[in-house]
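Novice: okay, sequence plus prediction incoming.
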Amino acid sequence: MENADVFLGLHDFLERMRQPSAADFVKSIKSFIVSFLNNAPDPERDSAAVQEFLAKMEAAFRAHPLWAGCSEEELDSAGEGLEKYVMTKLFTRVFASLPDYVKHDNQLSEKMALLQQFVRPENLDIKPTFQNETSWLLAQKELQKINVYKAPRDKLICILSCCKIINNLLYNETIASNGNPPGADEFLPVLIYVTIKASPPQLHSNLLYIQCYRHQSRLVGEAGYFFTNMLSAESFISNIDAQVLSMEEDEFERNMESARALLAGLSTDLDSLSNQLDQIADNASGEESKNQSLNPEEDDASLAKSSQTNPGSKEVSYSKDQSSIAKAPTLSELVNRGAAMLLEEDKMSQLFYEYPYIFAHAGDLTINNVEDLLNDYKQLVFKYICLSKGIGGATPSFLFSSSSAQAQQHADTVKEHEDSRATEQNFESQKDIDMAYNGSDKVSNEENVESKKDEAVSPVKDNNGFE
């Protein structure tokens, strides 16, 4: 599951599909996708159709000369490539395909947003020895990546990575204390807490998608165990109440109301934020207008006169214009542009749910918030400085200050996040069937090594019209 060579499944699958002898496979896959997309959504029927098609195709691979002499690992890898390709093509049709799924997603997201304001590890009976906010933050980040991907396997890997971080934490702590190996009673409460804090969007739809469209033969063993625990965590959160949190009913209701008031305050405070954004946008418009002529006709006449006086000036002017076009936008220009785009958002308050402290007051914070705020601060500083450097600007030292030791620590933090990012693969098809990989779906974390190798491979056109 975590073998980097598994990525070769998609690449090898596409390469074999480009062979003339694979024409029947190409036709079958094209026919299935077209037929599937023409039918109205029906999750149970859709799941059965995909599972049956994947099983049928994998059986055909085994009997075809293209895979003659291949090992079981290579055949399994080809099946992974087929599933990844097909489900990337069908993703928009099957993911969150029913209004009930969307409603459930919204309700679950709202509940997690409320719970994360007051639920503490103690409420879930997590032992102090198992409480490690730093490791939990890493697990949250893995889970939050789930919507980056389209293939069921890649989404599942996000869940597995999250669960393994938690499991390793529990295992290391029990080893250090000479205790018994951790079981579900220790693991599940931590997973529930991490999921609440991560609050991944569309969690319900993602779990259903994996359950329905991940090949059932591969949703077993460790993957099946961790996935089952995630399903249990989702169910627990959906039905959470005062009793399971070891709270009195009135205390639970007070906490929920306070959380609602805090989140509702986003809407109120967003009015003030909108005014600030309006001012930024107005200032940006004012700066642009200063650079424009108040009398276009006079400018045209002046330009014509200048061209007649000095014919060579036209080339100079063109060169300057090209230089101006190629000039990268400044940091302030990007901020102004983003502010203008933010004003056009229909549900602007939802954009800030991921940042619960943005409208908080000093009295709202507790000592438990310090680590979260510190990690957020580190990411903010380096993202801002990297952005400034990336557009060719000077480091904005007047905004942030830190010692060299702190800077090194922050750089290490950024490196960890960068190392975990997935790389994109974009395979394009031509005539018979669009059999290449959709570039909007990224490969999973452990596939990065092989994907970098594939970038150097130049596609060759063949009889099936692939590139």
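Specialist: That came in fine, so what should we check first? Just so it is clear, the structure is predicted and the values come from calculations on it, not from any experiment.
Novice: now do the helices in the stretch 1-150 of the chain.
Specialist: Taking DSSP state H, counting those that start in this stretch as the criterion, the stretch 1-150 of the chain contains helices spanning 8-17, 23-37, 43-63, 72-94, 99-115, 133-144.
Novice: pull out the buried residues from the second one.
Specialist: For helix 23-37, the buried set under the neighbour-count rule, 16 or more other CB atoms under 10 Å, comprises 25-26, 29-30, 32-33, 36. For the C-beta atoms, the positions are set from N, CA and C on the backbone; glycine is no exception.
Novice: quick one on the thing from earlier: looking at the helices of the stretch 1-150 of the chain, which is nearest to P152?
Specialist: helix 72-94 (5.8 Å; CB to CB).
Novice: how about the closest one as CSV, C-alpha atoms only?
Specialist: Extracted C-alpha coordinates of helix 72-94, given in CSV (Å, rounded to 0.1, in the frame of the first residue of the first chain):
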residue,chain,number,x,y,z
GLU,A,72,1.4,-10.7,-8.9
GLU,A,73,2.8,-7.4,-7.8
GLU,A,74,2.9,-6.1,-11.3
LEU,A,75,-0.7,-7.3,-12.0
ASP,A,76,-1.9,-5.7,-8.8
SER,A,77,-0.1,-2.5,-9.8
ALA,A,78,-1.9,-2.5,-13.2
GLY,A,79,-5.2,-2.8,-11.3
GLU,A,80,-4.3,0.2,-9.2
GLY,A,81,-3.6,2.2,-12.3
LEU,A,82,-6.9,1.2,-13.9
GLU,A,83,-8.8,2.2,-10.7
LYS,A,84,-7.0,5.5,-10.4
TYR,A,85,-7.7,6.4,-14.1
VAL,A,86,-11.3,5.3,-14.2
MET,A,87,-12.3,6.9,-10.9
THR,A,88,-10.6,10.2,-11.8
LYS,A,89,-12.8,10.3,-14.9
LEU,A,90,-15.9,9.5,-12.9
PHE,A,91,-15.2,11.6,-9.9
THR,A,92,-17.4,14.6,-10.5
ARG,A,93,-20.3,12.3,-11.3
VAL,A,94,-20.1,10.1,-8.2
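Novice: and it with helix 23-37, angle?
Specialist: Between helix 72-94 and helix 23-37, the angle formed by their directions is 30 degrees, by axes from the mean of the first three to the mean of the last three CA atoms, to 10 degrees.
Novice: rewinding a little: looking at the helices of the stretch 1-150 of the chain, which is nearest to I385?
Specialist: helix 133-144 (20.3 Å).
Novice: list the contacts of that closest one.
Specialist: The contact list for helix 133-144, computed with CB atoms under 8 Å, 6 or more residues apart in numbering, reads 158-159, 161-163, 165-166, 168-169, 190, 193-195, 197-198, 200, 371-372, 375, 417, 420.
Novice: so, low pLDDT: which residues of the stretch 351-467 of the chain?
Specialist: Scanning the stretch 351-467 of the chain with the threshold set as pLDDT under 70 gives 351-368, 382, 389-467.
Novice: sorry, back to before: ok, and which of the helices of the stretch 1-150 of the chain has the densest surroundings?
Specialist: helix 8-17 (a mean of 21; mean count of other CB atoms under 10 Å).
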